[in-house]
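Chemist: fold the following, please.
(4 chains)
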2 protein chains.
Amino acid sequence: MSLRQIKYFVAVAEEEHVGRAAARLHVSQPPVTRQIRSLEDELGARLFERTPWGMRLLPAGERFLVHARRVLHEVDAAEQCVRTSGAD
Amino acid sequence: MSLRQIKYFVAVAEEEHVGRAAARLHVSQPPVTRQIRSLEDELGARLFERTPWGMRLLPAGERFLVHARRVLHEVDAAEQCVRTSGAD
DNA sequence: CGATCCAATACCTTGTTCGTATCGCTCTTC
DNA sequence: GAAGAGCGATACGAACAAGGTATTGGATCG
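Modeler: Prediction:
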């Protein structure tokens, strides 16, 4: 599992659309599709339901999203606490 | 910043020795040195003090370690909550 | 049935990461 | 103080991962 997979996942979960998520991430659509798929493969579970209108979170995806957001938040906090010397 | 950098960082922080950290991570020494350096470069701050006996955390590194551990813990929780269907 | 919108795939190019070998430095030991 | 041992850092080539463009397959709608 990589931080990139997690970032892409959160973007897709929030946009419910691979294309819009890709735009938001400043990459093209295929890489996003691939990262999501590889994440699902690694976890051995489907996180999204594919509909003709986009992607919708499945229960497993909802659960994963909670932790995924915390991961990104902690990463951000880690960066901040080093950049702002002394503070934490 | 990548999850790999964070994993390598925690290993080095705990071992206080790049070689031992590398062994624990099942990789050779150079990759560990490189990831640590690239992490420091990205953050724009030195995290370790290089001594003739190994690596010792600097104050910035100590602060970073707290969050780094939380990140890895959350990643683990994310995996678990998907694998164990229904639970969380 | 043709057009449209979606994610998925094929193919190639580019960027990262790794491992082996080696360097430069510091401390130890004789 | 010269030789050796131990540490992290660097050079370089090979392997892997990621991205982009172009295209496909499938479902919906006019």
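Chemist: list the buried ones in stretch A:25-44?
Modeler: Buried residues in stretch A:25-44, defined by neighbour count with 16 or more other CB atoms under 10 Å in any protein chain shown: A:Leu25, A:Val32, A:Thr33, A:Gln35, A:Ile36, A:Leu39, A:Glu40, A:Leu43. Glycine gets a C-beta too; all of them are placed from N, C-alpha and C.
Chemist: which parts of chain A sit against chain B?
Modeler: A:1-4, A:6, A:43-45, A:47, A:59-60, A:63-64, A:66-68, A:70-71, A:74-75, A:77-79, A:81-83, A:85-86, A:88 (CB under 8 Å from any CB of the partner chain).
Chemist: where does A:Arg56 land in three-state SS?
Modeler: strand (DSSP: H, G, I helix; E, B strand; the rest coil).
Chemist: tell me if the longest helix seen in chain A is near DNA strand C.
Modeler: For chain A, the longest helix by residue count, based on DSSP state H, is helix A:59-83. No - using CB under 7 Å from any atom of the strand, helix A:59-83 never reaches DNA strand C; the gap is at least 12.7 Å.
Chemist: what is the mean pLDDT for that helix?
Modeler: What helix A:59-83 shows for mean pLDDT is 97.
Chemist: counting contacts, what elements does that helix pack onto?
Modeler: Applying 3 or more CB pairs under 8 Å, 6 or more residues apart in numbering or on different chains; DSSP states H and E, one finds that helix A:59-83 contacts helix A:3-15, helix B:29-43, helix B:59-83.
Chemist: which other residues reach it?
Modeler: A:3, A:6-7, A:9-10, A:13, A:43, A:45-48, A:57, A:87-88, B:1, B:6, B:43-45, B:47, B:60, B:63-64, B:66-68, B:70-71, B:74-75, B:77-78, B:81-82, B:85-86, B:88 (CB atoms under 8 Å, 6 or more residues apart in numbering or on different chains).
Chemist: that helix vs helix A:29-43, what angle?
Modeler: 100 degrees (axes from the mean of the first three to the mean of the last three CA atoms, to 10 degrees).
Chemist: quick one: buried residues of helix A:59-83?
Modeler: Residues of helix A:59-83 classed as buried by neighbour count (16+ other CB under 10 Å): A:60-61, A:63-65, A:67-72, A:74-75, A:77-79, A:81-82.
Chemist: now stretch A:11-23
Modeler: A:Ala11, A:Val12, A:Ala13, A:Glu15, A:His17, A:Val18, A:Arg20, A:Ala21, A:Ala22.
Chemist: distance from the chain centre to it, please.
Modeler: Offset of stretch A:11-23 from its chain centre (CA atoms, centre = their mean, to the nearest Å): 9 Å.
Chemist: nearest to DNA strand D, of the helices and strands packed on helix A:59-83?
Modeler: Among the helices and strands packed on helix A:59-83, the nearest to DNA strand D by CB to the nearest atom of the strand is helix B:29-43 (3.2 Å).
Chemist: having no further points to raise, I will conclude here.
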